[in-house]
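**Student:** task: produce atomic coordinates for the following.
(chains A, B, C and D)
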There are 2 protein chains.
Amino acid sequence: MSDQGISGEAGKPRPSARERAYEWICTAILSGVFSEGQFLDEAALAREVNTSRTPVREALHRLQAERFVELVPRRGAQVRVVNATEMREVYQARFVIESDAMVRICERRLGSPPESGELLEAMEAAGRDRNWNELAQLDQAFHSSIVRHRGNAVLSEMYDAMRPRQVRLSVRTITEVPERLPTIEHEHRRLKAALDAHDGELSVSVLDTHLREVPELVRAFG
Amino acid sequence: MSDQGISGEAGKPRPSARERAYEWICTAILSGVFSEGQFLDEAALAREVNTSRTPVREALHRLQAERFVELVPRRGAQVRVVNATEMREVYQARFVIESDAMVRICERRLGSPPESGELLEAMEAAGRDRNWNELAQLDQAFHSSIVRHRGNAVLSEMYDAMRPRQVRLSVRTITEVPERLPTIEHEHRRLKAALDAHDGELSVSVLDTHLREVPELVRAFG
DNA sequence: TGTCGACGACATGTATACACGGTGCATCCA
DNA sequence: TGGATGCACCGTGTATACATGTCGTCGACA
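**Tutor:** A predicted model of the protein is given here:
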């Protein structure tokens, strides 16, 4: 998840214990193994990943930075509960960053990101298979690719930092309201088309519609 | 720095070792005790803060999340070098978030943040005392208060995450070009005035001027 | 004289032991 | 019977020992 932060790519000689712990916990939270608000037991996690508490603790700190968990002093790591207010704020923040990206992309006539086409196809495939988890990840990847296409690493990083919160909600939303899927796919195609047409205003207005829906659903379902 | 992340306020029973380590390293980096690119010795830091390596390591991980340092595998924590490209990106990102905040504030006719007045006064005092470090912190606090006034915690958090990078550059800039100080103060007052006048367009245009200067200086001084 | 390779010092990554504080339950008192 | 209090268990916070990989140095060889 994210890009491990630093050390770039290069051949991965061997995943460190910390890395394994991070991946394991990350996946577990996203796939709902732990319920929201639950406290995680460091020792139990260490056994699960087959390592000691130290790497687990370090992984938990990283997960805190990415807002997966909350570290309560003397109590431990609590799976973060994302309430409706925060989700609205996340969607506002997404709109701020993503609309700016689209405007700049259109100003510079860059067109849609090169990978956007295959991402859309992959999403449609995932939708047909009703693989909601995969779908949510791809949705995030699609939007993230747009922000990255703008060419500002700082903004991209910020945008991607919201990923955990978004993916968790996306899965819930699409699971509860799968009939919205065609609409979502249509909007994605419109977004891509607007970028290819270098039409900043249009793309922002489509994005506005697109991002407005989810918070409304959140409100509807609590 | 930042807000310790989680546990909110409440009486602080005693700063943990990790917290002390974090504060110490943070201050050291901002005040230039360590040079950019330098590797930090965990054991030495532990001796300095009078604790063991474990809390120091955890502090370093947090500092990595906040982009103070870069954790190179098997090499340790390296004080991050912020290059010109990244600084330009930071200022673009600031503009994106801060201009949105100003527009929303004006739309809702909220006026300038209540604390902005005294922050400006404090900045002028710090400027008279030629206390550049303090000045840079206050400058950051002023802009941060505007973003916070918009009322979106996610955006505020993102904005504040850029703090280390900004403060380091601000100190350098104002130290090298102190004659720009009156201009900066004047622009701050204009920003506050524009917000109080609920004039979104004006505030954004002033902000644009204000944020455009620093990257130019960066380019000039390398 | 320059380059390659082995060795040693040292710093990080990991494991584990101990200290401290919190939580929950049982017990006691009103 | 309800609530306060003390104690025991348990989990995190910290310290420290050990394992492992990296860098620099020194010497041998071409």
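**Student:** alpha carbons only for contacts and neighbour counts from here, please
**Tutor:** Noted.
**Student:** ok, the residue lying farthest from the centre of chain A - contacts?
**Tutor:** In chain A, the residue that sits farthest from the middle, by CA atoms, centre = their mean, is A:R74; the gap is 29.6 Å. For A:R74, no contacting residues are found, by CA atoms under 8 Å, 6 or more residues apart in numbering or on different chains.
**Student:** I'd guess it is in a strand, am I close?
**Tutor:** No - the assignment for A:R74, made by DSSP: H, G, I helix; E, B strand; the rest coil, is coil rather than a strand.
**Student:** how close does it sit to DNA strand C?
**Tutor:** Using CA to the nearest atom of the strand, to the nearest Å, we find A:R74 at a distance of 5 Å from DNA strand C.
**Student:** look up how far B:S16 lies from that residue.
**Tutor:** A:R74 is 11 Å from B:S16, where distance means CA to CA, to the nearest Å.
**Student:** and A:F39, its phi and psi?
**Tutor:** Note on A:F39: its backbone torsions stand at phi -90, psi 140 [degrees, to the nearest 10].
**Student:** swap in A:P73?
**Tutor:** According to degrees, to the nearest 10, A:P73 has phi -50, psi 130.
**Student:** and the lengthiest helix in chain A with helix B:84-107, angle?
**Tutor:** Looking across chain A with DSSP state H, the single longest helix is helix A:84-107. Comparing the axes of helix A:84-107 and helix B:84-107 via axes from the mean of the first three to the mean of the last three CA atoms, to 10 degrees yields an angle of 120 degrees.
**Student:** which residue ranges form the strands in chain A?
**Tutor:** Here chain A has its strands, by DSSP state E, at A:39-40, A:69-72, A:76-79.
**Student:** any chance of the ones you listed in JSON lines, with distance to chain B too?
**Tutor:** Formatted as JSON lines, these follow (distance: least, CA to the nearest CA, whole Å):
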{"stretch": "strand A:39-40", "distance to chain B": "15"}
{"stretch": "strand A:69-72", "distance to chain B": "6"}
{"stretch": "strand A:76-79", "distance to chain B": "11"}
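**Student:** and the gap between the residue nearest to A:I105 when sequence neighbours are not counted and A:R108?
**Tutor:** Spatial nearest neighbour of A:I105, chain neighbours left out: A:R150 (5.7 Å); criterion: CA to CA, 6 or more residues apart in numbering or on different chains. Relative to A:R108, A:R150 is positioned 9 Å away (CA to CA).
**Student:** which one of these two has more residues nearby?
**Tutor:** Using other CA atoms under 10 Å in any protein chain shown, the more surrounded residue of A:R150 and A:R108 is A:R150, with 22 against 11.
**Student:** quick check: phi and psi on A:F68?
**Tutor:** phi -80, psi -40.
**Student:** so what's it up against?
**Tutor:** Taking CA under 8 Å, 6+ apart, we find A:F68 in contact with A:C26, A:I29, A:V79, A:R80, A:P164, A:R165.
**Student:** what's the lowest-pLDDT member of those residues?
**Tutor:** Least confident entry in the contacts of A:F68, by pLDDT: A:P164, with 80.
**Student:** near DNA strand D, which residues of chain A?
**Tutor:** Chain A comes close to DNA strand D at residues A:39-43, A:54, A:71-77, as judged by CA under 7 Å from any atom of the strand.
**Student:** show the contacting residues for the residue nearest to A:I105.
**Tutor:** A:R150 touches A:A101, A:M102, A:R104, A:I105, counting by CA under 8 Å, 6+ apart.
**Student:** could you redo the last one with a cut-off of 7 Å?
**Tutor:** A:A101, A:R104, A:I105 (CA atoms under 7 Å, 6 or more residues apart in numbering or on different chains).
**Student:** restricted to buried residues, select those in PyMOL.
**Tutor:** Selection of buried members from the contacts of A:R150 for PyMOL, criterion 16 or more other CA atoms under 10 Å in any protein chain shown:
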select buried, chain A and resi 101+104+105
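**Student:** rewinding a little: got CSV for the residues of chain A next to DNA strand D, with distance to A:L120 too?
**Tutor:** Below are the residues of chain A next to DNA strand D laid out as CSV (distance: CA to CA, whole Å):
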residue, distance to A:L120
A:F39, 37
A:L40, 36
A:D41, 39
A:E42, 39
A:A43, 41
A:T54, 41
A:L71, 37
A:V72, 40
A:P73, 43
A:R74, 45
A:R75, 43
A:G76, 40
A:A77, 36
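**Student:** make JSON lines out of those and add pLDDT and distance to B:A141.
**Tutor:** As requested, the residues of chain A next to DNA strand D are exported to JSON lines (pLDDT from 0 to 100; distance: CA to CA, whole Å):
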{"residue": "A:F39", "pLDDT": "93", "distance to B:A141": "34"}
{"residue": "A:L40", "pLDDT": "94", "distance to B:A141": "35"}
{"residue": "A:D41", "pLDDT": "94", "distance to B:A141": "38"}
{"residue": "A:E42", "pLDDT": "93", "distance to B:A141": "37"}
{"residue": "A:A43", "pLDDT": "94", "distance to B:A141": "40"}
{"residue": "A:T54", "pLDDT": "93", "distance to B:A141": "36"}
{"residue": "A:L71", "pLDDT": "92", "distance to B:A141": "26"}
{"residue": "A:V72", "pLDDT": "91", "distance to B:A141": "27"}
{"residue": "A:P73", "pLDDT": "90", "distance to B:A141": "27"}
{"residue": "A:R74", "pLDDT": "89", "distance to B:A141": "31"}
{"residue": "A:R75", "pLDDT": "91", "distance to B:A141": "32"}
{"residue": "A:G76", "pLDDT": "91", "distance to B:A141": "31"}
{"residue": "A:A77", "pLDDT": "93", "distance to B:A141": "30"}
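**Student:** now the buried members of those.
**Tutor:** If you count burial by 16+ other CA under 10 Å, the buried members of the residues of chain A next to DNA strand D come out as A:F39, A:L40, A:E42, A:T54, A:L71, A:G76, A:A77.
**Student:** now do the contacts for the first one.
**Tutor:** Taking CA under 7 Å, 6+ apart as the contact definition, A:F39 lies against A:G76, A:A77, A:Q78, A:V79.
**Student:** ok, the second one next?
**Tutor:** Contacts here follow CA under 7 Å, 6+ apart; on that basis A:L40 touches A:G76, A:A77, A:Q78.
**Student:** most centrally placed residue in chain A?
**Tutor:** Among the residues of chain A, A:R163 comes closest to the average C-alpha position under CA atoms, centre = their mean, at 2.4 Å.
**Student:** got the contact list for it?
**Tutor:** Counted by CA under 7 Å, 6+ apart, A:R163 has contacts A:Q140.
**Student:** appreciated, that's everything.
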